[in-house]
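Trainee: pasting a predicted model and its sequence here:
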Amino acid sequence: MTSVFPPSDGLEVSPEQTQQALADGTAIVVDVREQDERDAGYIEGSRHIPLQSLSSEAATLPKDTTIVFQCRVGGRSGMAAQALRASGYADAWSMAGGLLQWDAEGRPLAPDGGVVADH
């Protein structure tokens with residue numbers, strides 16, 4: 001399996017890389033925030049698996065696909081990416097800066113008028 005992202009010693013990819021991989025269909029984006037945070041605004045096309053449910057739902061994620069986790073600022077998504085890499089998902093990543101960075105760069109949130117919720 002070849003990652004859609006260049007080799008890196010770290011776990012993070014940029015919001016720009018995330019948006020492009022999602023648009024290309026080369027990555028799955030997983031939102032690990034709480035339901036109320038997601039209800040306020042989310043990345044169109046992302047899947048929602050709250051962090052506390054990740055261990056029980058990890059088997060539903062394909063091991064042969066690039067997975068980018070995102071949260072509000074990058075802490076929870078970093079933990080998710082580390083956990084999945086430790087479980088054999090070699091192509092798991094965290095979106096740097098989280099949804100706050102995504103929004104600050106002017107990238108769209110769904111639904112229309114979506115916002116980044118306080119945590």
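Mentor: Nice, I can see it.
Trainee: tell me, how many residues neighbour A40?
Mentor: Using other C-beta atoms under 10 Å, A40 has 16 other residues around it. Every C-beta, even on glycine, is put in place using the N, C-alpha and C of the backbone.
Trainee: mind pulling up the pLDDT for T2?
Mentor: pLDDT, T2: 62.
Trainee: how about Y89?
Mentor: With respect to pLDDT, Y89 scores 94.
Trainee: next one: S8
Mentor: If you check S8, the pLDDT there is 68.
Trainee: same question for the one 5 residues further on.
Mentor: Predicted confidence (pLDDT) for V13: 96.
Trainee: count the residues that sit near T65.
Mentor: T65: 15 neighbours (other C-beta under 10 Å).
Trainee: V30 is in contact with that one, correct?
Mentor: No - T65 is beyond contact range of V30, at 10.9 Å (criterion: C-beta atoms under 8 Å).
Trainee: what is D31 paired to in the beta sheet?
Mentor: For D31, the beta-bridge partners under DSSP bridges are H48, Q70.
Trainee: who are the contact partners of it?
Mentor: Listed by C-beta atoms under 8 Å, 6 or more residues apart in numbering, the contact set of D31 reads 38, 42-43, 46-49, 69-71.
Trainee: who are the packing partners of the helix or strand containing S55?
Mentor: Secondary structure from DSSP states H and E places S55 in helix 54-57. If contacts are counted by 3 or more C-beta pairs under 8 Å, 6 or more residues apart in numbering; DSSP states H and E, helix 54-57 sits against helix 75-86.
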